[in-house]
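*Asks:* Please find the sequence and the predicted model below.
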Amino acid sequence: MDMESVRSGHSEIRSERSHHSHGRRHHGRRSRHHGRGSDRDDRSVTIKTPSGDEGCGDEERIEVQILPQDDNWADNTTAITGNTSETAMSMEDMSRITKDMEESIGFDCARYIGTILAGILGFVAFMSPIVMVTLPKLQIVDWIAVEPCGPKCEGLLISLAFKLLILLIGTWALFFRKPKATMPRIFIFRALIIFLVFILTFAFWLFYGVRIFEGKVGDYYSIVMFAVSLVDALLFIHYLAIILLEIRQLQPMYVVKICRSPDGESRNYNIGQLSIQRAAVWCLEQYYRDFNVYNPYLDHIPGSRRANKMSNFKFYDVDGVTNQTSHGRSRAIFAAAARRRDSTHNDRFYEEQEYERRVRKRRARLLVAAEEAFTHIKRLQEEQGKGPAIPMDPQEAAQAIFPSMARALQKYLRITRQQPKYSMEDILEHLGNCISHDMSPKSFIGRYVTQGAVIHNRKDYKPTQTWVLVCDTLLSRAVEQGMLFQLRQGDVSLMCTVSKIPHFNVTEEVINPKNNKFVLRLNSETSV
């Protein structure tokens, strides 16, 4: 009787499903122009399940909604973002705007505005002594005739010229350099130097206007001495700038640890007395030089087949057995899941070992293939210019021997997840350069054996790299013991921890020559 009811239920389900599917197709022909909501309502199936009590007239209906399967699924893909309004901007728009801002003229002006202002102020300060000495000789205003310049005055003029030349060279070497970074806060010592130059130039011009210009001083020697005093003061400010901007930071005082997330690679470096923002720029310079490129595809190492085939099973009680049997089965399932969870680290260990073995194997195949390919070419000497062989340039030779090792290189780049980094043109160009400079096969594959430094990553290289500096202290302050700051760029973040180098108290201990003598202790068990 139960089997007949189950069969009747299945037949009723099939008939109801066929009825609804036929109605859905018929309705789809008539109203295909309707919206998405009506399409979803049409693609539904009502399933009737037989109840346990035959006398009961209620029926349990289960609505199963069938999603539409369009052929052009790529055009209807919905991207879920954090925007909640129609006027909001997506992350792609923000990145595009940021890139345009970096490449725009306004960003370049903001990048060089400090250098331009410092250059203008330095030019005014440099030309001030020359103008002070030249102005009395021009007779632009009602200036009384100045006295002729004697030997002492001419010696001061020569000294003034050489001091100005030394100041020009020193200022060009110290200040007129392309800025390495655009910092969010001002550089206090640099601002202090610029402020001192401004105050000094303003004070000298103020005294020049009040005491010399208005007084119509006719002693030209005094005027030259006044200008030489200004040049001497500017030279001392330049000397102070060298101490504050260059020499002060040379002595190591702290050790900074740079740890990259998410792969956890870390380095330690010695730094001097720097501000937080300058220390962050210095850490970025070391990062681009010493750290390998972060490859996000290496975080997902291909697991073993057994691990991929493992899945979770759900058990349903369809026969109405007792609770004791179901509880026993649940306990067995939980115990199996716990054993599998405990063996996860074991599986990961063997998966990593297997992955490293495969990488070493394919590296060896790549090296053998490169060595065999390089044996097929030979540099053509001048006396061998005439012969059966057709001479080729380095790029043609690279294209001729590359197919013999292309498969091995492709497999190695695939297993090390580096295939998005290198294109065919890039590989052929590198191979042509190696052939042109008589490099060995190991030199050719050296670029692909490791991930390479960040600075040599051509794919992600940009003239301007934008990083976000996160710190709970004012960025213009100096670094201290235990300070933490973070640098972020996309998915990569650098956690920098500062530790101060301790003071080393070295004491002296003198060994008394009289106590530097030994005796041999013998006993019955001594082997000597």
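*Replies:* Structure's in. What do you need?

*Asks:* can you give me the strands in the protein?
*Replies:* 44-49, 60-65, 254-261, 266-271, 468-470, 484-489, 492-500 (DSSP state E).

*Asks:* Could you check how many residues crowd around the nearest residue to residue 493 once chain neighbours are set aside?
*Replies:* On the basis of Cβ to Cβ, 6 or more residues apart in numbering, the spatially nearest residue to residue 493 that is not a chain neighbour turns out to be residue 261, at 4.7 Å. Where you see a C-beta, it was placed from the backbone N, CA and C, and this is true even at glycine. Counted with other Cβ atoms under 10 Å, residues neighbouring residue 261 total 14.

*Asks:* how about the strands of the chain in a markdown table, adding distance to residue 190?
*Replies:* As requested, these are exported to a markdown table (distance: least, Cβ to Cβ, whole Å):
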| stretch | distance to residue 190 |
| --- | --- |
| strand 44-49 | 71 |
| strand 60-65 | 67 |
| strand 254-261 | 21 |
| strand 266-271 | 18 |
| strand 468-470 | 18 |
| strand 484-489 | 21 |
| strand 492-500 | 22 |
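
*Asks:* Quick one: closest of these to residue 170.
*Replies:* Evaluated over the strands of the chain, closeness to residue 170 peaks at strand 266-271, with 26.0 Å, by Cβ to Cβ.

*Asks:* just the angle between the closest one and strand 492-500, please?
*Replies:* Counting by axes from the mean of the first three to the mean of the last three Cα atoms, to 10 degrees, strand 266-271 points 50 degrees away from the direction of strand 492-500.

*Asks:* between strand 266-271 and strand 254-261, how many degrees?
*Replies:* For strand 266-271 against strand 254-261, the angle between stretch directions is 150 degrees (the same axes, to 10 degrees).

*Asks:* May I have the strands that pair with strand 266-271, each with its orientation?
*Replies:* Pairing partners of strand 266-271, with direction, according to DSSP bridges: strand 254-261 (antiparallel).

*Asks:* report the angle between the axes of the partner strand and strand 484-489?
*Replies:* In terms of direction (the same axes, to 10 degrees), strand 254-261 departs from strand 484-489 by 40 degrees.

*Asks:* can you pull the buried residues of strand 254-261?
*Replies:* Residues of strand 254-261 classed as buried: 254, 256, 258, 259, 260 (neighbour count, 16 or more other Cβ atoms under 10 Å).

*Asks:* Then stretch 478-488?
*Replies:* Along stretch 478-488, the positions that meet the burial threshold by neighbour count (16+ other Cβ under 10 Å) are 479, 483, 485, 486, 487.

*Asks:* Kindly report the same for stretch 124-136.
*Replies:* Buried positions in stretch 124-136, judged by neighbour count with 16+ other Cβ under 10 Å: 125, 126, 128, 129, 132, 133, 135, 136.

*Asks:* and that stretch, average pLDDT?
*Replies:* Taken as a whole, stretch 124-136 has a mean pLDDT of 91.

*Asks:* Contacts for that stretch next, please.
*Replies:* In this structure, residues lying in contact with stretch 124-136 by Cβ atoms under 8 Å, 6 or more residues apart in numbering are 143, 146, 157, 160, 164, 167-168, 171, 197, 200-201, 204-205, 208, 212-213, 217, 220, 223-224, 226-228, 230-231, 234.

*Asks:* Cross these against helices and list the overlap.
*Replies:* 157, 160, 164, 167-168, 171, 197, 200-201, 204-205, 220, 223-224, 226-228, 230-231, 234 (DSSP state H).

*Asks:* Now list the buried members of those.
*Replies:* Of all the ones in helices among the contacts of stretch 124-136 considered here, the ones buried according to neighbour count by 16+ other Cβ under 10 Å are 160, 164, 167, 171, 197, 200-201, 204-205, 220, 223-224, 226-228, 230-231, 234.

*Asks:* any idea how far residue 377 is from residue 434?
*Replies:* As for residue 434, its distance to residue 377 is 11 Å (criterion: Cβ to Cβ, to the nearest Å).

*Asks:* Actually, residue 194.
*Replies:* Counting by Cβ to Cβ, the gap from residue 194 to residue 377 is 60 Å.

*Asks:* State the number of residues packed around residue 193.
*Replies:* Residue 193: 22 surrounding residues under other Cβ under 10 Å.

*Asks:* Tell me the spacing between the nearest residue to it once chain neighbours are set aside and residue 234.
*Replies:* By the measure of Cβ to Cβ, 6+ apart, the closest residue to residue 193 outside its immediate chain neighbours is residue 241, 4.6 Å from it. When Cβ to Cβ is the yardstick, residue 241 and residue 234 sit 10 Å from each other.

*Asks:* what does residue 427 give?
*Replies:* From residue 427 over to residue 234 (counting by Cβ to Cβ), the distance is 56 Å.

*Asks:* which of the buried residues of strand 254-261 lies closest to residue 352?
*Replies:* Out of those, the member with the shortest distance to residue 352 (by Cβ to Cβ) is residue 260, at 19.7 Å.

*Asks:* While we're on the residue nearest to that closest one when sequence neighbours are not counted, how confident is the model there?
*Replies:* If the residues on either side of it in the chain are set aside, residue 260 comes closest to residue 494, at 5.6 Å by Cβ to Cβ, 6+ apart. What the model reports for residue 494 is a pLDDT of 95.

*Asks:* do the same with residue 512
*Replies:* Predicted confidence (pLDDT) at residue 512: the value is 83.

*Asks:* Backbone dihedrals for it, please?
*Replies:* Reported as degrees, to the nearest 10, the phi and psi values for residue 512 are phi -70, psi 120.

*Asks:* Then residue 216?
*Replies:* The phi/psi pair for residue 216 (degrees, to the nearest 10) is phi 50, psi 50.

*Asks:* okay, now it: neighbour count?
*Replies:* Residues near residue 216, counting by other Cβ under 10 Å, number 12.

*Asks:* where's it relative to residue 223, distance?
*Replies:* Applying Cβ to Cβ, the value for residue 216 to residue 223 is 11 Å.

*Asks:* just to revisit the earlier point, now the buried residues of strand 254-261 in CSV, with distance to residue 505?
*Replies:* Converted to CSV, those look like this (distance: Cβ to Cβ, whole Å):
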residue, distance to residue 505
254, 19
256, 24
258, 29
259, 31
260, 35
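
*Asks:* Tell me the one of these nearest residue 358?
*Replies:* For those, the residue nearest residue 358 by Cβ to Cβ is residue 260; the value is 25.4 Å.

*Asks:* so the closest one makes contact with residue 291?
*Replies:* Yes: taking contact to mean Cβ atoms under 8 Å, the distance of 6.4 Å between residue 260 and residue 291 places them in contact.

*Asks:* Tell me where the stretch 301-450 of the chain is predicted with low confidence.
*Replies:* Within the stretch 301-450 of the chain, the set of residues satisfying pLDDT under 70 comprises 301-343, 380-389.

*Asks:* Apply 50 and report the result again.
*Replies:* Under the criterion pLDDT under 50, the flagged ranges of the stretch 301-450 of the chain are 304-311, 322, 383.

*Asks:* quick one, what contacts residue 220?
*Replies:* Each residue near residue 220 by Cβ under 8 Å, 6+ apart is listed here: 136, 146, 147, 148, 149, 153.

*Asks:* what's the nearest residue to it if we skip its chain neighbours?
*Replies:* Sequence neighbours aside, residue 146 is the residue nearest to residue 220 in space, at 4.3 Å (criterion: Cβ to Cβ, 6+ apart).

*Asks:* Against residue 185, how distant is residue 473?
*Replies:* 11 Å.

*Asks:* And for residue 484?
*Replies:* Here the distance between residue 484 and residue 185 works out to 18 Å (Cβ to Cβ).
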